[in-house]
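J.: Sequence and predicted structure below; questions after.
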Amino acid sequence: MQTTASVRSDQFPDLLKRLPAGLDLDRLAFETKAILRKRKIGDGASLLRLALARGPGGFSLRQTAGWVSLLEIAELSNPGVHYRLKQAVAFLAALVGLLLAAKAPGARLRWAGRTLRLADGTCISKPGSKGTDWRVHGVFDLGSGGFSHLELTDKHGAEALERGVPLAGEIRIGDRGYARAPVLQRFLAESGGKADFIVRVGWAALRLMTPRGKPFNLIGYLQRLPTGMRPHEVTLLAAAGPGKATLPLRLIVQRKTPEATEATRLALRRAAIKKGKKLDPRSLIAAEFMILGTSLPKRGYAAKDILAVYRLRWQIELAFKRLKSLLHIDRLPTRTVQTSRSWLYAHLILALLCDDLSQDFLASSP
């Protein structure tokens, strides 16, 4: 017997109360054509209940059919459950969007008037797959302690900092996968110049230049830095491509501890052996440093504070870990595109409702 995380029958009304005020599930189901006529599953609440039971509830198609029959919701066959959930993809996706739209920005942290948000993604594979089939892209609001954006794409959906509309005053934080000049430029443009970024930078990720347009040798710069743990910084430009304006960038560098440096170098050597590639010696030099790029000005934003804020990235990693270890979003049982989307969106809905529920505990004492 599977361990289920589905909501008990007497708790489902409480779950519905956590949906945005004024949300009409029936209307949403008909508008998205998840329900075409009131036959068996004839209302949006029952359809949501069905999706949660099959998805994060951990039920198989047969168990789901039996469960809705026991609760006298509907009499469905296994193919009947499969068909209705396949038709519900747009309904579930729209519900994710409405839950996100209802979220208020979190409390201001670290700097007055600034909202700290973390960007990351996680990969999901279908049964028997040896690679990535789906990606969940997320933006995590540190002030509210929950996701402010969730987006589901197939394996071709690349990580990009502009996933999730930036707020005025936002500082978005990403790892080295987001350090691409065109992406960073689009993020700044989309915010109207009212948001900033902090991203980790690989030594070969950007084509860097001095403010006068001369090539900047990052490895040479790192080799000339004095010993010690004091952060260093330099103002540079990053090339964004032919015919495009360069991106002004403040580069902040801090030397790692000897233990952290050796751990990084060991991981690089093992990865090179596994891939059968020769390790670039410049990677071993860069492994000794934490390198960040930011659009934040020097005034009011000290290098040591920016380094400290970046280290908060583990919060979104924990959030994705909870999605996998508690809601089991990584145990995808479906193989087709539509049924996979339905199953995954149901997990995202429950994740957002759990974020909302957690606020009750955070607001309580102690």
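T.: Thanks, I have the structure now. Numbering: from 1, shown residues only.
J.: okay, Arg110: pLDDT?
T.: Looking at Arg110, its pLDDT is 74.
J.: Could I get the contacting residues of it?
T.: By CB atoms under 8 Å, 6 or more residues apart in numbering, the contact set of Arg110 is Leu116, Asp305, Val309. Quick note: C-beta positions are derived from backbone N, CA and C, even for glycine.
J.: Just the buried positions in the helix or strand harbouring the first one, please.
T.: For Leu116, the enclosing helix or strand under DSSP states H and E is strand 115-124. Along strand 115-124, the positions that meet the burial threshold by neighbour count (16 or more other CB atoms under 10 Å) are Thr115, Leu116, Arg117, Leu118, Ala119, Asp120, Gly121, Thr122, Ile124.
J.: Can you tell me which of the residues you listed is nearest Phe30?
T.: Of all the buried residues of strand 115-124, Ile124 has the smallest distance to Phe30: 29.9 Å, by CB to CB.
J.: Can you pull the poorly scored residue ranges out of this structure?
T.: The model of the chain has pLDDT under 70 over residues 1-10, 107, 358-366.
J.: now the helices for it?
T.: Along the chain, the segments classed as helices by DSSP state H run 12-17, 25-31, 44-54, 61-70, 78-87, 89-101, 181-190, 218-224, 258-275, 281-286, 303-310, 314-325, 337-363.
J.: Name the stretch among these that sits most buried.
T.: helix 44-54 (a mean of 24; mean count of other CB atoms under 10 Å).
J.: Report all helices and strands that it contacts.
T.: Contacts defined by 3 or more CB pairs under 8 Å, 6 or more residues apart in numbering; DSSP states H and E place helix 44-54 against helix 12-17, helix 25-31, helix 61-70, helix 78-87, helix 89-101, helix 337-363.
J.: and these as a markdown table, adding distance to Leu247?
T.: Formatted as a markdown table, the helices and strands packed on helix 44-54 follow (distance: least, CB to CB, whole Å):
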| stretch | distance to Leu247 |
| --- | --- |
| helix 12-17 | 45 |
| helix 25-31 | 41 |
| helix 61-70 | 50 |
| helix 78-87 | 43 |
| helix 89-101 | 29 |
| helix 337-363 | 32 |
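J.: what's the closest of the ones you listed to Ala271?
T.: Comparing the helices and strands packed on helix 44-54 by CB to CB, helix 337-363 comes nearest, at 29.0 Å.
J.: same for that closest one, what does it pack against?
T.: helix 44-54, helix 78-87, helix 89-101, strand 134-141, strand 146-154, helix 314-325.
J.: again, 7 Å this time
T.: Under the contact definition 3 or more CB pairs under 7 Å, 6 or more residues apart in numbering; DSSP states H and E, helix 337-363 sits against helix 44-54, helix 78-87, helix 89-101, strand 146-154.
J.: For those, please prepare CSV with the additional fields distance to Thr227.
T.: Formatted as CSV, those follow (distance: least, CB to CB, whole Å):
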stretch, distance to Thr227
helix 44-54, 56
helix 78-87, 60
helix 89-101, 47
strand 146-154, 41
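J.: Any idea how many residues pack against Pro248?
T.: 13 (other CB atoms under 10 Å).
J.: repeat for His156
T.: 7.
J.: how near is it to Gly131?
T.: Taking CB to CB, to the nearest Å as the measure, His156 falls 12 Å from Gly131.
J.: repeat for Asp330
T.: For Asp330, the distance to Gly131 - CB to CB - is 14 Å.
J.: Same drill for the two, tell me which one is more crowded.
T.: More neighbours surround Asp330 than the other of Asp330 and Gly131, with 16 against 8 (other CB under 10 Å).
J.: correct me, but that one touches Ile124?
T.: Yes. If you go by CB atoms under 7 Å, Asp330 and Ile124 touch, sitting 5.6 Å apart.
J.: What number of residues are in the vicinity of Glu151?
T.: 19.
J.: List the contacts of it.
T.: His137, Arg163 (CB atoms under 7 Å, 6 or more residues apart in numbering).
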